[in-house]
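Colleague: Got a sequence here, can you model it:
(one chain, ligands or ions: 1)
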Amino acid sequence: MRPLRHAREDAPVRSSFLAAGALALALQPTDDAAPAPAPIQPTAPAADVSVPLAGPAFDDDAALPTHADDVVDYTLRATLDPAAHTIHGEGTITWRNTSTAMVRELWLHLYLNAFKNERSAYLRERVGGRGSTAPEDWGWIDVRKLVVRAPDTVPVDEWPRAELKRPGDDDETDARVPMPREIAPGETLQLDVTFDDKLPAVVERTGYRGSFHMVGQWFPKIARLEPDGRWAHFPFHHLAEFYADYGTYDVTLDVPAGFTIGATGPTVERTVAGGRAIERHIQGDVHDFAWTAWDRWQTFHETIGGVDVSLLYPRGFIRVAARDMASIRFALPYFSARYGRYPYRVLTVVHPQNDVEEAGGMEYPTLITSGGPWLTPPGILDPEITAVHELGHQWFYGLVGTNELAWPFLDEGLNQAAEVDAMGRWRGAGSAVDLLGLRISDANLQADEANGRAHDEPVAQSADSFSTGDNYGALVYARTATLIETLRRVYGDDAVGRALGRYARRFRFQHPGPVELLAIFEEVLGAHVAETMRATLFHEGWVDFVAEQAVTREAKTEGGVFDVDGKREDVRSVTKREGGFDSAVIVRRRGTLVLPVDVAMTMADGTTRVEHWDGEGDSKRFAWHGAVALRSVVVDPECRVLLDQNVENNRAATEDGGGGAWKTLERATYWMQLALQAVAP
Ligand SMILES: [Zn+2]
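Modeller: Residues are numbered from 1 along each chain as shown. Okay, the predicted model is just below:
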């Protein structure tokens, strides 16, 4: 998903780089603080210990698994009434106990109930960001029956015994269903389910407007059972996304003839009869299923890298929709090369119209929603960024199925890093804005947003622990991306790209946690890099490099009073015969993150001397004798450390170089270089 500020075109980028007024627009979602629930504790490694941790085998696709372990299969039929905005659903769910424990209950997520009333956790918790207004029309899901079929057990409808609410909590999104008997490890259940949905008016990813229907979180979905037998079940929280097991979805959609459907997975059957269009979609190796139906969708198809890409867009949106397709044309092969082959035959891109923007900027398996008004200036790359971002989720969410409530940075953060990298690779220094000579990179926007909130709360915490939607966006998305981008610039694209690629391939179709991510980075880049990541993500780690002092003076002999052979001599300091200058700089590292930097000294004749500091210790002094006087020093002249809290103090000058203060023109030039990223690699 993309935070609201990106998904909404009236919500501009916010950057101190731009404060001079280039894009002097304001977006500050409200910051109503809410008490944060206790964070989820880090879990033990989720990986199957019998599989090798990683290693170079996962640097290419040779060792990629072809299929996921099929844990839960859904065979559903959904009938849409577009006038009442209801969906009647029925079918079967087949579920296997893959844990090592006996199971006495199932947990079902009924996430449409988040929009049922203002006692839902989702609507109670509103802390700013997307979906912060109540829907104009409520939505819900009513389960009618849930018949449990297990070997040697009489089939029984367990739904009357289901508990939707907890004492003192009227949320109805997380239902506990007792089982007729204990379900042993390895045993498979079949559930016959019937349900009725009422869609809300479009709110946060799902809903209707007129005959437009975007249908997400619409069926009773079994929570994931962890290997140790703990259910990872949770209400639909305001800032959180989802978590589920892999399986095969066989879904038959029944809509009025004349409606165009976009859905997860390829169409395997389509018939039109009796005024209804019936489409069957089957997709394996996924953990969710979403669809849209509208009688006004325009469609466009293109094959990209062997994948059948369908684009659904409103009339009049062809130009911005074409930008979606151009983004996919670049990013689908790019992400496949970086993070492992895209394994599905199809991809559907849904571009919602302006009045249902909250349906945009969202990811589902093989289906993403993009965004942007029909008239988005070509130099504002928000449509491209949204399309690239949501496509990236096919890897960081879809193929690597992390717990999005417990560790949102593992999907949104790593995906934001993938977005920043891809946009930079594709569009260079103007990867966010490239307008009338003004070029601003996605990377710089992320850094600027992230660094201002570094001390507020940790990045690596559960989604429902964040105090505000702003902090969730700035820390989960922007700070994770800024960390990865910093590592990429400091330690090289090759190594950091390899680490992320190895992680994505090794844990394809699995459910890793931070332990696995840090282990792979340690494996590729070493313990010090893993430690930098741990400090940044878990401990509000920060860094501020400072150019503290730059001094230069004519080289002179030592003067003073000297006692030599019983005689006292008063010696005047004089210019050395060889002339030249003694110069020194002191640079300082504030904060808890140790990162290596270059230190660039500019001389009076315009030449530059570059020293390297490993970043160890609080400060470093460089002193030398040379023919030319020093003028100024800059720490990290290429702005590799995007995590640097304050780049304004990265430069110091000698008295001859303009004194402690910068010359106005020089400062302006430096700032423009930063803003335009002209000095960045
Ligand atoms: Zn996202």
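
Colleague: contacting residues around Asp245?
Modeller: Neighbouring residues of Asp245 by Cβ atoms under 8 Å, 6 or more residues apart in numbering: Val71, Val72, Thr98, Ile222, Arg224, Leu225, His287, Gly401. All C-beta spots, glycine's among them, are computed from the backbone N, C-alpha and C.

Colleague: Just those residues: which are in strands?
Modeller: Val72, Ile222, Arg224, Leu225 (DSSP state E).

Colleague: Return the member of these nearest to the ion.
Modeller: Of all the ones in strands among the contacts of Asp245, the ion sits closest to Arg224, with 19.7 Å by Cβ to the ion.

Colleague: Across the sheet, point out what pairs with the closest one.
Modeller: Applying DSSP bridges to Arg224 gives these bridge partners: Ala232.

Colleague: Now for it, how many residues are close by?
Modeller: 24 (other Cβ atoms under 10 Å).

Colleague: Go ahead and confirm Ser120 touches Asn113.
Modeller: Yes: judged on Cβ atoms under 8 Å, Ser120 makes contact with Asn113 at a distance of 6.2 Å.

Colleague: what sits in contact with each of the two?
Modeller: Common neighbours of Ser120 and Asn113 (Cβ under 8 Å, 6+ apart) are Asp171, Glu172, Thr173, Phe236.

Colleague: tell me the contacts of the last one?
Modeller: Looking back up the chat, that one is Phe236. His109, Tyr111, Asn113, Ala114, Ser120, Ala121, Tyr122, Thr173, Asp174, Gln217.

Colleague: you'd agree the fourth one is up against Arg124?
Modeller: No: counting by Cβ under 8 Å, Ala114 stays clear of Arg124, with 10.1 Å between them.

Colleague: the more surrounded of those two?
Modeller: Counted by other Cβ under 10 Å, Ala114 and Arg124 do not tie: Ala114 has more neighbours, with 30 against 16.

Colleague: From the ion, how far off is the more buried one?
Modeller: Shown here: Ala114 relative to the ion, a distance of 18 Å by Cβ to the ion, to the nearest Å.

Colleague: Determine whether the claim that that residue is in a helix is correct.
Modeller: Yes: read with DSSP: H, G, I helix; E, B strand; the rest coil, Ala114 is one of the residues of a helix.

Colleague: Contacts only, for it.
Modeller: Contacts of Ala114 by Cβ under 8 Å, 6+ apart are Ser120, Ala121, Tyr122, Leu123, Thr173, Gln217, Pro235, Phe236.

Colleague: Contact distance from the ion - what residues of this structure qualify?
Modeller: Met1, Glu412 (Cβ under 5 Å from the ion).

Colleague: Can you report how many residues neighbour the residue in the chain that the ion sits nearest to?
Modeller: Closest contact between the chain and the ion, by Cβ to the ion, is at Met1 (4.2 Å). Met1: 27 surrounding residues under other Cβ under 10 Å.

Colleague: if we can go back for a sec, now the contacts of Asp245 in JSON lines, with distance to Glu516?
Modeller: As requested, the contacts of Asp245 are exported to JSON lines (distance: Cβ to Cβ, whole Å):
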{"residue": "Val71", "distance to Glu516": "19"}
{"residue": "Val72", "distance to Glu516": "22"}
{"residue": "Thr98", "distance to Glu516": "18"}
{"residue": "Ile222", "distance to Glu516": "24"}
{"residue": "Arg224", "distance to Glu516": "16"}
{"residue": "Leu225", "distance to Glu516": "19"}
{"residue": "His287", "distance to Glu516": "18"}
{"residue": "Gly401", "distance to Glu516": "12"}
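
Colleague: For the residues you listed, which single residue is the most surrounded?
Modeller: Among these, the one with the most neighbours (other Cβ under 10 Å) is Gly401, at 28 neighbours.

Colleague: circling back to that earlier point, of the contacts of Phe236, which pair is most distant in space?
Modeller: Across the contacts of Phe236, the longest distance by Cβ to Cβ is 13.6 Å; it joins Ala121 and Gln217.

Colleague: Tell me which of these two has more neighbours.
Modeller: Gln217 (25 against 22).

Colleague: Name the SS class of the more buried one, please.
Modeller: Strictly by three-state DSSP, Gln217 counts as coil.

Colleague: any idea of the pLDDT on it?
Modeller: Looking at Gln217, its pLDDT stands at 96.

Colleague: just Leu410 next, same as before
Modeller: 98.

Colleague: give me the number of residues near it?
Modeller: With other Cβ under 10 Å as criterion, Leu410 counts 28.

Colleague: got the residue ranges for the helices in the stretch 101-250 of the chain?
Modeller: For the stretch 101-250 of the chain, applying DSSP state H, counting those that start in this stretch gives helices covering 121-124.

Colleague: Can you show me the strands along it?
Modeller: Remark: strands assigned in the stretch 101-250 of the chain by DSSP state E, counting those that start in this stretch are 103-109, 140-149, 156-157, 174-183, 188-198, 207-209, 212-215, 221-222, 224-225, 231-232, 247-256.

Colleague: repeat for the stretch 401-550 of the chain
Modeller: Using DSSP E, counting those that start in this stretch, strands in the stretch 401-550 of the chain cover 433-435, 438-440, 543-554.

Colleague: Tabulate those strands (JSON lines), appending mean neighbour count.
Modeller: Listed next are the strands of the stretch 401-550 of the chain as JSON lines, based on neighbours: other Cβ atoms under 10 Å:
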{"stretch": "strand 433-435", "mean neighbour count": "19"}
{"stretch": "strand 438-440", "mean neighbour count": "20"}
{"stretch": "strand 543-554", "mean neighbour count": "20"}
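
Colleague: Which among these is found nearest to His455?
Modeller: strand 543-554 (11.3 Å).

Colleague: Point out where the chain drops to low pLDDT.
Modeller: Residues of the chain that meet the criterion pLDDT under 70 lie in 4-53, 657-681.

Colleague: mind redoing it with 50?
Modeller: 5-51, 659-661, 663, 676-681 (pLDDT under 50).

Colleague: Pick out the residue closest to the middle of it.
Modeller: Glu412 (2.1 Å; Cα atoms, centre = their mean).

Colleague: if I look at that one, how far off is Leu483?
Modeller: Distance, Glu412 to Leu483, by Cβ to Cβ, to the nearest Å: 13 Å.

Colleague: Which stretches in the stretch 351-500 of the chain count as helices?
Modeller: Counting by DSSP H, counting those that start in this stretch, the helices of the stretch 351-500 of the chain are 382-392, 408, 414-427, 442-451, 469-471, 480-491, 493-506.
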